[in-house]
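Enquirer: Coordinates for the following, if possible.
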Amino acid sequence: MKRPVHDPEFLLRLARHAGTITTVDIAAEEQRCARLNARYASAEAKIRFVVRDAVRLPWSDSTFDAATTMNAMHHIAHFKQVLKEMLRERGLVTRLRKGCNQEVLAARVPAAAA
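Expert: Next up is the predicted model:
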């Protein structure tokens, strides 16, 4: 299975605006790099790094305000199951590649936030 390319800029920008963040990646090395980038940017305390397959997540529905991915879904072997897991949250934002240099931004915002 291909591993998603870590986007440290996205995570660090998100950390500036979110209370806390939980990141999930099946690759321990990706999480290690993410932790180092967060530490360098003084954002490590706001982020929980979880090494786990996202096909079956341990949290109950609506544990988080939103679930997001950036340029990762096309790397995930069982993307429909992972997307199903993400949809258990109140909001969803994902950026998917749709071919060479084409991207699609998909979002589901809860009614209360609209």
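Enquirer: what's the weakest-modelled helix or strand in this protein?
Expert: Ranked by mean pLDDT, DSSP states H and E, the weakest helix or strand in the chain is strand 103-108, scoring a mean of 50.
Enquirer: if I look at Phe64, how far off is Arg39?
Expert: As judged by CB to CB, to the nearest Å, Phe64 and Arg39 stand 23 Å apart. Heads up, the C-betas are built off the backbone N, CA and C, glycines and all.
Enquirer: just Arg48 next, same as before
Expert: Arg48 is 14 Å from Arg39, by CB to CB.
Enquirer: before we move on, what about Leu57?
Expert: 25 Å.
Enquirer: Have a look at those two and say which one is more surrounded.
Expert: Higher neighbour count among Leu57 and Arg39: Leu57, with 19 against 12, using other CB atoms under 10 Å.
Enquirer: What pLDDT is listed against the nearest residue to the more buried one once chain neighbours are set aside?
Expert: Distances taken as CB to CB, 6 or more residues apart in numbering put Glu85 closest to Leu57, at 5.0 Å, once the chain neighbours are dropped. Note on Glu85: pLDDT of 86.
Enquirer: what's the following helix or strand after the lengthiest helix in the chain?
Expert: Assignment by DSSP state H gives helix 28-40 as the longest helix of the chain. Downstream of helix 28-40, the next assigned helix or strand under DSSP states H and E is strand 47-51.
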